[in-house]
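Participant: need coordinates for the below:
(one chain, ligands or ions: 1)
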Amino acid sequence: MPERSTKRKKAGASVSPEKIKAILDLLDEHYPDAGCSLKFVNPLQLLISTILSAQCTDDRVNQVTPGLFRKYPSARHFAEAPLVELETEIRSTGFYRNKARNIKECCRVLHEQYEGEVPADLDTLVALPGIGRKTANVILGNAFGIPGIVVDTHVGRVSIRLGLTAEKDPERIERDLMGFIPREHWVKFSHQLILHGRRICQARKPKTHLCPLEPHCDYAAALRS
Ligand code: SF4
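Facilitator: I've put the predicted structure just below:
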């Protein structure tokens, strides 16, 4: 498997600034408008939407949230919502029992400890119930303009194939990418790689023949050799 060819290599050891620049330029050319597709008007709404987006499309989440945010306009409203009622509201996003429990618990802490506001700080966010590093970086980057790299399944897979990391653990991948990618690109780079992973560099059958990043890709190079 081509991905094995990167395993013994020290993470990112061979990544040149020229390669990074070429990849960033191509991503900007092919995904100029990549951004957050979840609809929100404040950090709390993005937090709720991001929890709902696990194992669910952003389109589906965006169908559910307008009514949800009308019914529960604040962290206190979510915290005080009857669990079964909240589960019913979000049922179509899947895994609704876990999601409803996480939303209620997270909003209870926000209401009791942060006056209903979402904290703009990574360590504080990841300490909230149901909020992992990926969700925290989505919130920081898109609601607060604080740069962070979101490592979801697409970003992880594409980064490994491109040879930007040899790690499997999302936090280590994030650390590697933060070492190579200029800070001002972090938020957009994440959105661009997610789009690229969905459209071209799919898990089972990457469309390498259609891929603009092919000249810079370790996976493609391994296939050619
Ligand atoms: S060349 Fe293929 S494996 Fe490499 S990034 Fe493009 S689609 Fe993915």
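
Participant: grab the nearest non-local neighbour of the residue positioned nearest the centre of the chain.
Facilitator: With distances taken as C-alpha atoms, centre = their mean, the residue of the chain nearest its centroid is residue 150 (4.1 Å). Counting by C-beta to C-beta, 6 or more residues apart in numbering, the nearest residue to residue 150 once its immediate chain neighbours are dropped is residue 190, at 4.1 Å. To be clear about C-beta, it is placed using only N, CA and C from the backbone, and glycine gets the same treatment.

Participant: now that neighbour: which helix or strand?
Facilitator: Secondary structure here is read from DSSP states H and E; on that basis residue 190 sits in helix 186-199.

Participant: list of residues touching that helix?
Facilitator: Surrounding helix 186-199, the residues in contact under the criterion C-beta atoms under 8 Å, 6 or more residues apart in numbering are 24, 27-28, 30-31, 34-36, 137, 141-142, 147-155, 157-159, 177-178, 181, 203, 213.

Participant: buried subset of those?
Facilitator: Restricting the contacts of helix 186-199 to buried positions leaves 24, 27, 30-31, 34, 36, 137, 141-142, 147-152, 154-155, 157-159, 177, 181, 213, with burial counted as 16 or more other C-beta atoms under 10 Å.

Participant: what helices or strands is the longest helix anywhere in the chain leaning on?
Facilitator: Of all the elements of type helix in the chain, the one with the most residues (DSSP state H) is helix 96-113. Using 3 or more C-beta pairs under 8 Å, 6 or more residues apart in numbering; DSSP states H and E as the contact test, the elements touching helix 96-113 are helix 43-52, helix 75-80, helix 83-90.

Participant: could I get these in CSV, plus columns for mean pLDDT and mean neighbour count?
Facilitator: Compiled in CSV, the helices and strands packed on helix 96-113 are given as follows (pLDDT from 0 to 100; neighbours: other C-beta atoms under 10 Å):
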stretch, mean pLDDT, mean neighbour count
helix 43-52, 98, 24
helix 75-80, 98, 19
helix 83-90, 98, 16
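
Participant: still on that earlier bit, of the buried ones among the contacts of helix 186-199, list those near the ligand.
Facilitator: Checked against the ligand using C-beta under 6 Å from any ligand atom, the buried ones among the contacts of helix 186-199 give the following subset in range: 158, 213.

Participant: the buried ones among the contacts of helix 186-199 in strands, which ones?
Facilitator: Assigned to strands by DSSP state E, none of the buried ones among the contacts of helix 186-199 qualify.

Participant: great, nothing more from me.
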